[in-house]
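[1] here's my sequence, what's the structure:
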Amino acid sequence: VENNTPWDLAKRGEKIEISPEKVAVLEKQFLGAYFALSSYIIDIGICSIHDLNMACEIALVIKAPFTLMNKIGLDNALEVVEEFCAEHTEFTIPESLKKAQAAGKWDVSSIVQTVQDRVAVITIRRPKVLNALNLNVVADLEAALAAAETDDSIFGSVITGFGVKAFVSGADIHMLASLNTPEEGYENARSFQVVFSKIQKLKKPVICALNGFAFGGGNELAMSCTMRICKKGLPLLACQPEVNLGFIPGAGGTQRLPRLVGLDIADGILRTGRPVSAAEAVEIGLVNKTVAGDLIEEGIALVKQIAKGDLTVEPMVETPFGSGGEAQDVELGHLSKAIDTILTKTIYEGAGMTLEEGLEFEARQFGACMKTEDMKIGLKNFMENGPKVKAEFVHE
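    Okay, the predicted model is just below:
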């Protein structure tokens with residue numbers, strides 16, 4: 001810097017050979033500085049751990065500091081910071097890090113909670129993955145809604161997504177790819193189903209304010225809410241794209257969608273993975289209304305109307321509502337015939353069950369997908385090529 005000489009930086013694609021010993025030293029120095037500075041920012045109150053976590057991940061494209069500290073363990077994180085501070089004596093160990101170490105973790109959440117006009121507004125905020133759901137997000141959501149349910153000062157809740165593109169893009173693909181057995185598939189599906197059923201059964205109203213598209217688990221979450229509203233004019237609002245990845249919906253989609261829009265319409269949406277626009281969603285009964293103005297303000301107003309008895313909403317049908325139906329004649333194209341067989345059985349047999357029985361059946365059927373070659377093919381294709389490249393299913 002003193003000589004005004006440019007740093008000798010690695011060029012794009014250039015591989016720099018560094019000894020393992022040097023890598024270990026650099027890693028410890030970097031983590032010590034990174035963790036110390038991140039914790040210091042919390043000490044002086046510039047922003048919250050949630051905001052700084054997101055800023056580092058999105059703007060700096062590096063691992064979120066507090067999530068990383070939780071992953072490696074707070075004892076280890078404190079140790080590297082202590083070594084950093086011993087070498088840089090002008091920097092003291094941040095108090096927030098000491099408290100986190102004593103608690104065993106940083107309290108990191110992927111949702112943001114506010115209260116507006118006695119209504120809890122809960123925002124799912126995972127912009128890097130378009131607000132995709134994993135078990136941690138679902139647990140945070142469950143806790144936030146439970147707190148609102150028991151707070152006498154709160155009328156109800158509005159759930160929305162962070163940003164303008166997506167409400168929830170679906171279930172986290174890395175979580176799904178980590179499942180290995182039918183039992184693991186079943187347990188994963190039930191983990192989502194149990195929470196979504198709790199949301200449906202809450203006494204206080206929960207309005208889903210769809211700020212953008214709701215794919216897979218996002219649409220399944222929306223369907224468990226008291227009402228669904230969305231931005232007017234969205235050409236792409238809802239979709240159950242699971243068949244493109246070689247499995248069936250596992251968080252209630254095969255059971256709640258037919259109860260909302262009817263078996264025939266649900267059949268086509270579920271088995272082809274086709275998208276639904278905002279206008280069509282209202283027409284078929286998937287969404288209650290579109291909103292041209294402020295979506296959150298409308299959601300808050302609806303919560304208050306329902307809570308005060310000024311608006312009545314038809315509850316989800318929980319009894320058997322159809323039996324003996326036959327699957328529609330659907331052009332599957334490249335989609336897996338093996339998965340379609342599992343899916344149609346789940347839809348039509350589930351219609352003859354109670355909702356709770358149907359959800360249990362759906363979870364078992366989701367687990368059955370784990371035995372197929374096509375689920376492996378679909379997930380591998382998505383992980384390697386993204387959503388635009390069609391999987392080459394073998395129908396087994």
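
[2] for the lengthiest helix in the chain, which residues meet the burial criterion?
    Counting by DSSP state H, the longest helix found in the chain is helix 20-43. By neighbour count, and taking 16 or more other Cβ atoms under 10 Å as the criterion, the buried residues in helix 20-43 are 31-36, 38-42. Bear in mind the C-beta positions are built from the backbone N, C-alpha and C, glycine included.

[3] how about the nearest residue to V303, chain neighbours excluded?
    Spatial nearest neighbour of V303, excluding adjacent residues (Cβ to Cβ, 6 or more residues apart in numbering): G156 at 3.9 Å.

[4] got a markdown table for the buried residues of helix 20-43, with pLDDT and distance to L60 too?
    Formatted as a markdown table, those follow (pLDDT from 0 to 100; distance: Cβ to Cβ, whole Å):
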| residue | pLDDT | distance to L60 |
| --- | --- | --- |
| L31 | 97 | 15 |
| G32 | 97 | 17 |
| A33 | 97 | 13 |
| Y34 | 97 | 10 |
| F35 | 97 | 14 |
| A36 | 97 | 16 |
| S38 | 97 | 11 |
| S39 | 98 | 16 |
| Y40 | 97 | 16 |
| I41 | 97 | 13 |
| I42 | 97 | 17 |
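
[5] I'd like those as JSON lines, with distance to F162 appended.
    Shown next, in JSON lines, are those (distance: Cβ to Cβ, whole Å):
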{"residue": "L31", "distance to F162": "28"}
{"residue": "G32", "distance to F162": "31"}
{"residue": "A33", "distance to F162": "29"}
{"residue": "Y34", "distance to F162": "24"}
{"residue": "F35", "distance to F162": "25"}
{"residue": "A36", "distance to F162": "28"}
{"residue": "S38", "distance to F162": "21"}
{"residue": "S39", "distance to F162": "24"}
{"residue": "Y40", "distance to F162": "26"}
{"residue": "I41", "distance to F162": "21"}
{"residue": "I42", "distance to F162": "21"}
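
[6] check the nearest residue to P182 once chain neighbours are set aside and give its pLDDT.
    Distance criterion Cβ to Cβ, 6+ apart; nearest residue to P182, sequence neighbours excluded, is G367 at 3.7 Å. pLDDT for G367: 98.

[7] swap in G324?
    Reported pLDDT for G324: 61.

[8] same question for stretch 257-269, mean pLDDT?
    Here the average pLDDT along stretch 257-269 is 96.

[9] and that stretch, how far apart are its ends?
    9 Å (Cα to Cα, to the nearest Å).

[10] where do the strands of the stretch 151-300 of the chain begin and end?
    Applying DSSP state E, counting those that start in this stretch to the stretch 151-300 of the chain gives strands spanning 156-161, 166-168, 206-210, 213-215, 227-231, 238-239, 289-291.

[11] mind giving me the domain ranges of this protein?
    Using automatic domain parsing, the domain ranges for the chain come out as 20-103, 111-321.

[12] CSV please, covering these and showing distance to T372.
    Listed next are these as CSV, based on distance: least, Cβ to Cβ, whole Å:
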stretch, distance to T372
domain 20-103, 32
domain 111-321, 7
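
[13] ranking these by burial, who's on top?
    domain 111-321 (a mean of 20; mean count of other Cβ atoms under 10 Å).

[14] quick one: low-confidence ranges for this protein?
    1, 324 (pLDDT under 70).

[15] okay, which residue is most central for it?
    L133 (1.6 Å; Cα atoms, centre = their mean).

[16] OK, contacts around that one?
    For L133, the contacting residues are 124, 168, 170-172, 192, 217-218, 221, by Cβ atoms under 8 Å, 6 or more residues apart in numbering.

[17] quick check: buried residues in the particular helix or strand that has the residue nearest to P182 in it?
    Assigned by DSSP states H and E, G367 belongs to helix 355-369. Buried residues in helix 355-369, counting neighbours by 16+ other Cβ under 10 Å, are found at 355, 358-369.

[18] stretch 367-385 too?
    Buried-residue list, stretch 367-385, by 16+ other Cβ under 10 Å: 367-370, 372, 374-379, 381-382.

[19] let me see the contact set for F382.
    173, 244-245, 391 are the contacts of F382 under Cβ under 8 Å, 6+ apart.

[20] repeat that for 7 Å
    173, 245 (Cβ atoms under 7 Å, 6 or more residues apart in numbering).

[21] doesn't it lie inside a helix?
    Yes. Looking at F382 with DSSP: H, G, I helix; E, B strand; the rest coil, it is inside a helix.

[22] distance check, it against A279.
    29 Å (Cβ to Cβ, to the nearest Å).

[23] likewise T67?
    From T67 to A279 the distance is 39 Å (Cβ to Cβ).

[24] thanks again, I'm all set now.
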